[in-house]
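Engineer: Attaching a predicted model along with its sequence, questions to come.
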Amino acid sequence: MEEWYHYPLLVVVGFAVGFINTVAGGASLISLPVLIFLGLPPSVANGTNRVAIVFQTAIATAGFKSKGVSTFPFNIYLGISALLGAIIGAQIAIDIKGETFNRILAIIMIAVVLIIVFKPKINFKDLAERTTGKYLWISLLAFFFFGIYGGFINAGIGFIIILFLHYVNRMNLVRVNATKVVLVFIYTLSALVVFALNDKVNWKVGGVLALGNGLGAWLSSRISVKKGDGFIKTFLVVMVIVMAIKLWFFDL
């Protein structure tokens, strides 16, 4: 991270990541490998990426709130459950070897590509939400485990959250995204603390990336949410495949 052009590149990458993550998810599959490719050790790249995610989700939350979209207190309940899991996941990420981390990331990338390509069509209209009783308890348990994964790597979890909140809790797409950004903010903040306490965060790089993430999140949270952008989907699939191959077969 010594070249001057790395920083404007991070802002551009952050903008794209913030926009995609807020509308759908999975864009940490772009930012995380970029940080590694620019020279950060995998564990530091993982921790540094959390700075941008925290800022991005805080901005997106404010954006949804300004539009009158909120799922309080349901989103807080899920966020706290995920927070407990994220502490465990972040500690696992810190302890794992860099080469093993890269290979796990490559596998996750391919898995997320399959989710992007083959996920079922979703009709978000005229749904009765299920956020209380047994569905609340099921969600709390599920998001504890989602939190472990989110604390460990976070990449691609947005798609999982969207599908779960729709099929189990029956939320429409706008409320799904409004819920997602709040709970991701909560559990990512706890993961960031764990990474920071273990000196696995480059605050300067994270701050620059966060600037781009925040701008992208601010814009996307104010745009009418539609069912998927074909260009973004194609771009993300291609980028993920290329980066997965590089992470698996080539030294960084």
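Structural biologist: On my side now, so go ahead.

Engineer: Check which helix or strand Gly26 maps to.
Structural biologist: Using DSSP states H and E, Gly26 maps to neither a helix nor a strand.

Engineer: Repeat that for Arg170.
Structural biologist: Using DSSP H and E, Arg170 falls outside every helix and strand.

Engineer: Phi and psi next, for it.
Structural biologist: phi 60, psi 40 (degrees, to the nearest 10).

Engineer: Adjust the sequence numbering to begin at 41 for everything that follows.
Structural biologist: OK, 41 is where the count begins now, so the last one is Arg210.

Engineer: I'd guessed it sits against Thr172; true?
Structural biologist: No: Arg210 is beyond contact range of Thr172, at 11.8 Å (criterion: CB atoms under 8 Å). Every residue, glycine included, has its C-beta placed from N, CA and C.

Engineer: Looking at these two, which has the bigger crowd around it?
Structural biologist: Ranked by neighbour count (other CB atoms under 10 Å), Arg210 and Thr172 place Arg210 first, with 16 against 10.

Engineer: For stretch 68-77, the averaged confidence score.
Structural biologist: Stretch 68-77 carries an average pLDDT of 86.

Engineer: Give the buried residues for that stretch.
Structural biologist: Of the residues in stretch 68-77, Ser68, Leu69, Ile70, Ser71, Leu72, Pro73, Val74, Leu75, Ile76 count as buried by neighbour count, 16 or more other CB atoms under 10 Å.

Engineer: Reformat those residues as a markdown table; add secondary structure and distance to Asn253.
Structural biologist: A markdown table is the format used below for those (DSSP: H, G, I helix; E, B strand; the rest coil; distance: CB to CB, whole Å):
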| residue | secondary structure | distance to Asn253 |
| --- | --- | --- |
| Ser68 | helix | 10 |
| Leu69 | helix | 14 |
| Ile70 | helix | 11 |
| Ser71 | helix | 8 |
| Leu72 | helix | 12 |
| Pro73 | helix | 16 |
| Val74 | helix | 12 |
| Leu75 | helix | 12 |
| Ile76 | helix | 17 |
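
Engineer: Now stretch 90-101 - C-alpha only, PDB.
Structural biologist: C-alpha atoms of stretch 90-101 as PDB (Å, rounded to 0.1, in the frame of the first residue of the first chain):
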ATOM      1  CA  ARG A  90     -14.700  -4.300   8.500                       C
ATOM      2  CA  VAL A  91     -14.000  -0.600   8.900                       C
ATOM      3  CA  ALA A  92     -15.600   0.000   5.600                       C
ATOM      4  CA  ILE A  93     -18.500  -2.300   6.300                       C
ATOM      5  CA  VAL A  94     -19.300  -0.600   9.600                       C
ATOM      6  CA  PHE A  95     -19.300   2.800   8.000                       C
ATOM      7  CA  GLN A  96     -21.300   1.600   4.900                       C
ATOM      8  CA  THR A  97     -24.000   0.000   7.000                       C
ATOM      9  CA  ALA A  98     -24.300   3.000   9.300                       C
ATOM     10  CA  ILE A  99     -24.800   5.300   6.300                       C
ATOM     11  CA  ALA A 100     -27.300   2.900   4.700                       C
ATOM     12  CA  THR A 101     -29.200   2.600   8.000                       C
END
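
Engineer: What are the contacting residues of it?
Structural biologist: Applying CB atoms under 8 Å, 6 or more residues apart in numbering, the contact partners of stretch 90-101 are 54, 57-58, 61-62, 68, 71, 194, 217-218, 221-222, 224-225, 228-229, 231-232, 235, 241, 243, 246-247, 249-254, 256-258, 260-261.
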